[in-house]
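Chemist: sequence unavailable; structure follows:
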């Protein structure tokens, strides 16, 4: 199982912004690509994946964010929006916090909001 965190960002996340946001998460983590480049993983020193970050998806359909995450979240960010999902492995207690830190940093750089499944910030 995983704990999902979604960054809904206003501006298109380029590779540099994604990498810089990952680096801000924890400088000791390693980065590994998988899924033919569709997923980037943040891994611990032993190579265990802690957070898997999916390629950004452009959401251009009005009402789609509301349908998936609710009206409260949708009200915080206009459509169109970029959806960046980070999945934290539940096997490591740090993973959810790392996923949240990545999403927060991405939103800080590009504007938007974060959905954690528990609350929207």
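Modeler: Yep, that arrived. Just so it is clear, the model here is predicted, and its values are computed rather than measured. Numbering: from 1, shown residues only.

Chemist: which residue ranges of the protein form strands?
Modeler: With DSSP state E, the ranges of strands along the chain come out as 2-9, 30-34, 39-43, 49-54, 57-59, 81-89, 112-115.

Chemist: strands paired with the fifth one, and their directions?
Modeler: Put plainly, it is strand 57-59. Its sheet considered, strand 57-59 pairs with strand 81-89 (antiparallel) by DSSP bridges.

Chemist: with the third one instead?
Modeler: Take DSSP bridges as the rule and strand 39-43 pairs in its sheet with strand 30-34 (antiparallel), strand 49-54 (antiparallel).

Chemist: got any ranges where this structure has weak pLDDT?
Modeler: Low-confidence segments of the chain (pLDDT under 70): 1, 118-121.

Chemist: need the residues that contact the longest helix anywhere in it.
Modeler: If you go by DSSP state H, the chain has its longest helix at helix 95-110. Defining contact as Cβ atoms under 8 Å, 6 or more residues apart in numbering, one finds that helix 95-110 is touched by 3-11, 13, 17-18, 20-22, 24-26, 29, 42, 50-51, 53, 82, 84, 86-90, 112-114, 116, 121. Backbone N, C-alpha and C define where each C-beta goes, glycine included.

Chemist: same check, this time on stretch 48-66
Modeler: Residues outside stretch 48-66 that contact it (Cβ under 8 Å, 6+ apart) are 2, 8-9, 12-13, 18, 22, 25, 29, 32, 34, 37-44, 73-74, 77, 79-89, 91-92, 94-95, 98-99, 102.

Chemist: and that stretch, how far out from the chain middle?
Modeler: The chain centre lies 7 Å from the centre of stretch 48-66; the measure is Cα atoms, centre = their mean, to the nearest Å.

Chemist: hmm, residue 115 and residue 69 touching each other?
Modeler: Yes. Assessed by Cβ atoms under 8 Å, residue 69 is found in contact with residue 115 at 5.2 Å.

Chemist: overlap of the contact sets of the two?
Modeler: Residues touching both residue 69 and residue 115 by Cβ under 8 Å, 6+ apart: residue 6.

Chemist: all set, thanks.
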